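1. Dropping the sequence and predicted coords here.
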Amino acid sequence: DAGVIQSPRHEVTEMGQEVTLRCKPISGHDYLFWYRQTMMRGLELLIYFNNNVPIDDSGMPEDRFSAKMPNASFSTLKIQPSEPRDSAVYFCASRPDRGVNTEAFFGQGTRLTVV
Amino acid sequence: AQSVTQPDIHITVSEGASLELRCNYSYGATPYLFWYVQSPGQGLQLLLKYFSGDTLVQGIKGFEAEFKRSQSSFNLRKPSVHWSDAAEYFCAVGNQAGTALIFGKGTTLSVSS
């Protein structure tokens, strides 16, 4: 398996524009997670899905952020409109449902810069 | 709520010297604990995990960690550091629902020659 695949790897956009980050989880994994990494706050859990259903979105910072998982092999994280403070590395991770707290497998991340 | 504290933001160790990275957690029940490593520009890779049983856990790349309930700690150790170990290290605890990981802010390890 190729692992968790995220695209794009780098994104530079202007303030106010819509940004869409994409993730393909490992085949057969039931959980999908979106994390945001910044120097100030470290790795924050934004939202996660189980079997394509959002379970906990309490980490989503504002209504400008939304995430979807239309099927088991694809998820998006959208920011509309984007702001400079959204600049961060966004990670997608997935894991199988084999009991509590099985380790998650991470993608390489998308580095977002909003200017 | 669960939380993880990594007290050291940055540590520098000489190549060949021993290493200990600190991790303290806050959790009401028996925690599920993890250490991940992140190389520059890369995603996170699991080093080791603790669920139950032996409190000394062996991981990949020669790392080990010891769970100490009395101290709410899960420190990562390596007896002899290699230059390739320079990276950022994250400690994590499973959330109460047993579904997601809560991470500390990380410790950056530099290795000097």
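-> Nice, thanks for sending it over.
2. Write out the residues of chain A neighbouring chain B.
-> With Cβ under 8 Å from any Cβ of the partner chain as the criterion, chain A meets chain B at residues A:4, A:31, A:33, A:35, A:41-43, A:45, A:48, A:50, A:55-56, A:91, A:93, A:99-101, A:103-109. The C-beta positions use only the backbone N, C-alpha and C, and glycine is treated the same way.
3. Any of those buried? List them.
-> A:4, A:31, A:33, A:35, A:42-43, A:45, A:48, A:55-56, A:91, A:93, A:101, A:103-109 (16 or more other Cβ atoms under 10 Å in any protein chain shown).
4. Tell me which entries of those lie within strands.
-> Those of those mapping onto strands are A:31, A:33, A:35, A:42-43, A:45, A:48, A:55-56, A:91, A:93, A:105-106, per DSSP state E.
5. Helix, strand or coil: sort out the residue of chain B found nearest chain A for me.
-> Chain A sits closest to B:Gly98 of chain B, with a gap of 2.9 Å, by Cβ to the nearest Cβ. Secondary structure assignment for B:Gly98 (DSSP: H, G, I helix; E, B strand; the rest coil): coil.
6. distance of it from B:Lys49?
-> Distance, B:Gly98 to B:Lys49, by Cβ to Cβ, to the nearest Å: 13 Å.
7. Of these two, which one has the most company?
-> B:Lys49 (19 against 11; other Cβ atoms under 10 Å in any protein chain shown).
8. isn't the more buried one right up against B:Tyr32?
-> Yes - if you go by Cβ atoms under 8 Å, B:Lys49 and B:Tyr32 touch, sitting 7.3 Å apart.
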